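*Asks:* Predicted model, plus sequence, below.
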Amino acid sequence: MVKIKVFYEGDLRCRLTHEQSGSVILTDAPKDNMGKGEAFSPTDLVAAALASCMATVMGIAANKNQVDVRGITIDVSKEMVALPVRRISKIVVDIHMPKGIPADKRSLLETAAHTCPVHKSLHPDVQTPIQFHYVD
């Protein structure tokens with residue numbers, strides 16, 4: 001079990017501390033929701049968690065199959081809706097694979113990305129189009 005302490009600092013800012021490592025992340029409400037937008041918003045962290053989870057599970061699959069995926073970059077964007085309640089409506093994920101990924105290993109890596117725990121934890125109403133880009 002992982003424990004995270006959240007401390008509300010005021011002015012719509014929180015300090016999140018990962019108890020095991022001591023790592024700290026700050027969050028702010030976004031400008032379009034009464035905040036300053038000076039740090040990741042909580043919903044930004046959801047999008048970032050999805051992208052980093054995908055990269056991580058692809059790395060695990062790559063390690064098991066002797067494929068070097070160092071240099072993966074992921075562009076992720078998040079769209080919100082306000083009605084009937086404010087929520088994430090879409091997280092668009094563009095995964096740019098490094099040069100030299102063997103064609104016969106690509107589906108293995110793509111399957112890993114689609115089965116990451118964060119992706120599987122998102123509500124089905126959140127659209128998550130995922131596109132892979134390869135360089136030969």
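*Replies:* Done, it's in.

*Asks:* Tell me how far the closest residue to Gly71 other than its chain neighbours lies from Leu109.
*Replies:* Nearest residue to Gly71, sequence neighbours excluded (CB to CB, 6 or more residues apart in numbering): Pro98, at 3.6 Å. (Glycine included, C-beta is placed from N, CA and C.) Pro98 is 11 Å from Leu109, where distance means CB to CB, to the nearest Å.

*Asks:* Ile72 now?
*Replies:* Plainly put, Ile72 is 9 Å away from Leu109 if you go by CB to CB.

*Asks:* Find residues that contact each of the two.
*Replies:* Jointly contacting Ile72 and Leu109 under the rule CB atoms under 8 Å, 6 or more residues apart in numbering are Met58, Met97.

*Asks:* the more surrounded of the two?
*Replies:* Leu109 (25 against 19; other CB atoms under 10 Å).

*Asks:* quick one: that one and Ile101, what's the gap?
*Replies:* To Ile101, Leu109 is 7 Å away according to CB to CB.

*Asks:* what touches both of these two?
*Replies:* With CB under 8 Å, 6+ apart, Leu109 and Ile101 have common neighbours Val67, Val69.

*Asks:* quick revisit: intersection of neighbour lists for Pro98 and Leu109?
*Replies:* Here Pro98 and Leu109 have Val69 as joint contacts, going by CB under 8 Å, 6+ apart.

*Asks:* The chain: strands as residue ranges?
*Replies:* Counting by DSSP state E, the chain has strands at residues 4-10, 13-18, 24-28, 73-81, 87-96, 130-133.

*Asks:* Do me a favour and average the pLDDT over the fourth one.
*Replies:* Right, the one you point to is strand 73-81. Per-residue pLDDT over strand 73-81 has a mean of 97.

*Asks:* Good, we can wrap up now.
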